[in-house]
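> Build me a structure from this.
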Amino acid sequence: MHEIAVHESAEDELNAAALFHESRDTDLGEEFLNELTLGFQRIRDFPLSYRIVFDEYRRYLMARFPYGFYLVAS
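Predicted structure coming up:
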């Protein structure tokens, strides 16, 4: 299984995004975090299935929320 490391500043942004969504609608922050978890699991399971956007960097886009992740997978 592949390891996922989240940069500290990115983790802060993700937590802020969850709080923002929660402030918009009850349980929306939790739904955001659930989709985030699902995305990380998909990246772990299928790291080479995402589009290469630059050199060795690939991008995963969340389905419901306007966020994406860049990953290096080889």
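
> what about the helices in the protein?
Assignment of helices within the chain using DSSP state H yields the ranges 8-24, 28-45.

> OK, contacts around the closest residue to residue 70 other than its chain neighbours?
What sits nearest to residue 70 in space, not counting adjacent residues and going by CB to CB, 6 or more residues apart in numbering, is residue 57, at 5.2 Å. Quick note: C-beta positions are derived from backbone N, CA and C, even for glycine. Contact analysis of residue 57 by CB atoms under 8 Å, 6 or more residues apart in numbering lists 70, 71, 72.

> Give me the below-cutoff pLDDT ranges for this protein.
Low-confidence regions of the chain, defined by pLDDT under 70, span residues 1, 74.

> Give me the phi and psi for the residue lying farthest from the centre of it.
The C-alpha centroid of the chain is most remote from residue 26, which lies 20.9 Å away (CA atoms, centre = their mean). When read as degrees, to the nearest 10, the backbone of residue 26 gives phi -60, psi 130.

> show me what contacts it?
By CB under 8 Å, 6+ apart, the contact set of residue 26 is empty.

> Run a quick check on residue 61 versus residue 53, I expect a contact.
No. Residue 61 sits out of contact with residue 53 when judged by CB atoms under 8 Å, with a separation of 10.6 Å.

> thinking again about what came up before, export the helices of the chain to a markdown table and append columns for distance to residue 66 and mean neighbour count.
A markdown table is the format used below for the helices of the chain (distance: least, CB to CB, whole Å; neighbours: other CB atoms under 10 Å):
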| stretch | distance to residue 66 | mean neighbour count |
| --- | --- | --- |
| helix 8-24 | 10 | 12 |
| helix 28-45 | 11 | 15 |
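
> what would those helices look like in JSON lines with distance to residue 65?
Output for those, formatted as JSON lines (distance: least, CB to CB, whole Å):
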{"stretch": "helix 8-24", "distance to residue 65": "7"}
{"stretch": "helix 28-45", "distance to residue 65": "6"}
